[in-house]
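**Q** Here is my input, please return the structure:
(one chain, ligands or ions: 1)
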Amino acid sequence: MNQLHHKVVKFGGSSLASAEQIKKAVAIIRADETRRFVVPSAPGKRFSADTKVTDLLIKVHGESASGLDFEKTFAEIKARYNEIVDGLGMELDLSAEFKIIHDQLLGGTTLDYVASRGEYLNGLILAAYLGFPFIDAAEVIFFDENGNFEAELTNRVMSRRLARQKNAVIPGFYGSLPNGAVKTFSRGGSDITGAIVARAAKVDLYENWTDVSGFLMVDPRIVNDPKPIEVITYRELRELSYMGASVLHEDAIFPVKVARIPINIKNTNRPDDGGTFIVPTEKSLKQPSSVVTGIAGRKGLRLIHLEKDMMNQEIGFGLRVLQVIADMGISFEHLPSGIDTMCVVLSGADIDGKEEELITRIKEAAHPDFIAIEDALALIAVVGRGMAGTPGTASRVFQALAKEDINIRMIDQGSSELNIIVGVNEPDFEKAIRAIYAEFAE
Ligand code: ASP
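**A** Numbers count the residues shown, from 1 in each chain. I've put the predicted structure just below:
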């Protein structure tokens, strides 16, 4: 079988929420025979006030586990699937499958099993409609007894299985434990399944179909109609998603990153839009059109500000400060430092109520001349692989902020020159993002 030019296509819940949406997905699959492996989510929302099937399943499990009547919710779930089957004009009878799930609920089955049925049933429907074989994810995706994903075992078993298939539908979101019981990934986990299948099938491209045409340079709630991102590297994406931008499940990056497979985020409702390509960092990657790929930020941060004369000559000062933070079970976010000053940026939620203890312990351990905890800090990351070696990027960021009269409280640039992080007062956050965007979105 030709191993070149083939793709895994993962469809999110909104792309498969109804028969109408499923028809679009099927048209996309059929339009390109290299779209060989299909990973479906459970049916998502058909309209904004709708409920995702996964949430109905979680509800039905909760009701049955608390001894409540769960028939109404169960009927709602069945209706969602029956409506899809009818809308697709299929003969498929799911009643035997519904009975198994119903019996399992009566028998006190696990939440993971019930939650996973959303993808399982959608997978059965899609496989039948497409005429593709159905591969139960429980047979090819494995977790150890502690519930940790077994990447290598999964890859071995799945690649052997897929090598024999021209096409297959593999439901997203779950796998199995050593005792055979179903275990799910965290919410949104079908993205991970798509990446696992992509790696095992050694595809050229992992297409992730959703309801947006890829990533935007900046949050559209802050900037009106921002430009889309055409190409982003895994590392840039990691920086942006850490800062709060999100379309894709973070763990989904790892399996494909290992295999150096690009991901293309595409829009099921606008299949002709190019979407965003997420790619490994390649030397050959063409120079981006803009030095800045994306801008994202986070509010709710706090800053420990430390000063000590001759800090630069004292060995272990930073270590002692960080040791206290670690001993208190707090993780730090950033560490911008000067000659005699050091700042530690922490998430406000992590240190609320612990400020006094933190100050006392740092004073005892490191004897700073000055220590204060400042609050209401927002961080903005300006991320771009095009920044490395392009002089003047930082000064453009600072000038854009200065022009708007925004005070910069902190600056941090990693030596990778992939991003510049500035700290501003929380009330300036949106204004600062707009100013930086306006400067770089030419
Ligand atoms: N259906 C699951 C959820 O809603 C998994 C997924 O869609 O990726 O979280």
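**Q** In terms of secondary structure, what does the helix or strand containing Met158 contact?
**A** Assessed by DSSP states H and E, Met158 sits inside helix 151-163. Judged by 3 or more CB pairs under 8 Å, 6 or more residues apart in numbering; DSSP states H and E, helix 151-163 is in contact with helix 190-200. For glycine as for every other residue, the C-beta is placed from the backbone atoms N, C-alpha and C.
**Q** OK, contacts around the residue most central in space within the chain?
**A** Nearest to the geometric centre of the chain sits His249, at 2.3 Å (CA atoms, centre = their mean). The contact partners of His249, by CB atoms under 8 Å, 6 or more residues apart in numbering, come to 185-186, 188-192.
**Q** what does Pro427 give?
**A** Ala376.
**Q** mind checking pLDDT for it?
**A** pLDDT for Pro427: 95.
**Q** Reduced to three states, what does it come out as?
**A** Using DSSP: H, G, I helix; E, B strand; the rest coil as the criterion, the local structure at Pro427 reads helix.
**Q** which parts of this structure sit against the ligand?
**A** 13, 41-42, 52, 54, 118, 172-173, 187-191 (CB under 6 Å from any ligand atom).
**Q** hmm, which of these are the buried ones?
**A** 13, 41-42, 52, 54, 118, 172-173, 188-191 (16 or more other CB atoms under 10 Å).
**Q** So which of the residues you listed are in helices?
**A** Taking DSSP state H as the definition of helices, these contribute 54, 118, 190-191.
**Q** farthest-separated two in these?
**A** Farthest apart among these by CB to CB are Gly118 and Asp191. That separation is 14.8 Å.
**Q** For Arg434, what is the enclosing helix or strand?
**A** Assigning secondary structure by DSSP H and E places Arg434 in helix 429-440.
**Q** what do you get for Arg302?
**A** Counting by DSSP H and E, Arg302 is found in strand 294-307.
**Q** With Ile371 instead?
**A** strand 370-383.
**Q** and the angle from that strand to helix 429-440?
**A** If you take axes from the mean of the first three to the mean of the last three CA atoms, to 10 degrees, strand 370-383 sits at 40 degrees to helix 429-440.
**Q** pLDDT weak spots in this protein?
**A** Residue ranges of the chain with pLDDT under 70: 1-4, 246-247, 282-289, 415.
**Q** Do you have the strands of the stretch 1-150 of the chain handy? List them.
**A** Under the criterion DSSP state E, counting those that start in this stretch, the stretch 1-150 of the chain carries strands at the ranges 7-11, 35-40.
**Q** Nearest to Glu63 among those strands would be which one?
**A** The nearest among the strands of the stretch 1-150 of the chain, by CB to CB, is strand 35-40 at 25.5 Å.
**Q** Kindly check the end-to-end length of stretch 278-290 for me.
**A** When the termini of stretch 278-290 are compared using CA to CA, to the nearest Å, they are 16 Å apart.
**Q** Pipe the ones in helices among the buried ones among the residues of the chain next to the ligand into TSV and attach distance to Glu76 per row.
**A** Formatted as TSV, these follow (distance: CB to CB, whole Å):
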residue	distance to Glu76
Thr54	13
Gly118	13
Ser190	21
Asp191	26
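**Q** Identify the residue spatially nearest to Ile196, adjacent ones excluded.
**A** Pro255 (5.0 Å; CB to CB, 6 or more residues apart in numbering).
**Q** Which of the helices or strands spans that neighbour?
**A** helix 253-258.
**Q** what's the distance between that helix and the middle of its chain?
**A** 12 Å (CA atoms, centre = their mean, to the nearest Å).
**Q** can you check stretch 7-20 too?
**A** Distance of stretch 7-20 from its chain centroid, counting by CA atoms, centre = their mean, is 17 Å.
**Q** hey, C-alpha coordinates of it in CSV?
**A** The C-alpha coordinates for stretch 7-20 follow below in CSV (Å, rounded to 0.1, in the frame of the first residue of the first chain):
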residue,chain,number,x,y,z
LYS,A,7,-4.0,11.9,6.1
VAL,A,8,-5.8,11.4,9.4
VAL,A,9,-8.9,13.6,9.7
LYS,A,10,-10.3,14.4,13.1
PHE,A,11,-13.7,16.0,13.3
GLY,A,12,-14.8,17.9,16.4
GLY,A,13,-18.2,17.8,18.0
SER,A,14,-19.7,20.7,16.2
SER,A,15,-18.7,19.2,12.9
LEU,A,16,-20.7,16.1,13.7
ALA,A,17,-23.5,17.5,15.8
SER,A,18,-26.3,16.6,13.3
ALA,A,19,-26.9,14.7,10.1
GLU,A,20,-26.5,17.9,8.2
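**Q** Could you pull out the buried residues of that stretch?
**A** 7-19.
**Q** Check stretch 394-409 too.
**A** Neighbour-count burial for stretch 394-409 [16+ other CB under 10 Å]: 394, 396-398, 400-401, 406, 408-409.
**Q** Next step: those restricted to helices.
**A** 394, 396-398, 400-401.
**Q** Contacts made by the helix holding Pro255 with the rest, please.
**A** 151, 192, 195-196, 198-199, 206, 234, 237-238, 262-263, 278, 280.
**Q** Now flag whichever of the residues you listed is closest to the ligand.
**A** The ligand lies nearest to Ile192 out of the contacts of helix 253-258, by CB to the nearest ligand atom, at 8.1 Å.
**Q** and that closest one, what does it touch?
**A** Each residue near Ile192 by CB under 8 Å, 6+ apart is listed here: 149, 172, 185, 249, 251-252, 255.
**Q** who wins for neighbours among those?
**A** Within those, most neighbours by other CB atoms under 10 Å means Gly172, with 32 neighbours.
**Q** quick one: which helix or strand includes Gly423?
**A** Going by DSSP H and E, Gly423 is in strand 419-425.
**Q** Equivalent analysis for Arg238, please.
**A** Taking DSSP H and E as the definition, one finds Arg238 inside helix 234-242.
**Q** which residues sit against that helix?
**A** Residues from elsewhere that reach helix 234-242 (CB under 8 Å, 6+ apart): 215, 232, 248, 250, 253, 257, 278-281, 293-294, 296, 381, 383-385, 416, 418-419.
**Q** Filter those residues down to the buried ones and express that as a ChimeraX selection.
**A** Entered in ChimeraX, the line below selects the buried ones among those, by 16+ other CB under 10 Å:
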select :215,232,248,253,257,278,279,293,294,296,381,383,384,385,418,419
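**Q** For the closest residue to the ligand within the stretch 301-442 of the chain, which three-state class applies?
**A** In the stretch 301-442 of the chain, the residue that lies nearest the ligand is Ala349 (23.3 Å; CB to the nearest ligand atom). Following three-state DSSP, the label given to Ala349 is helix.
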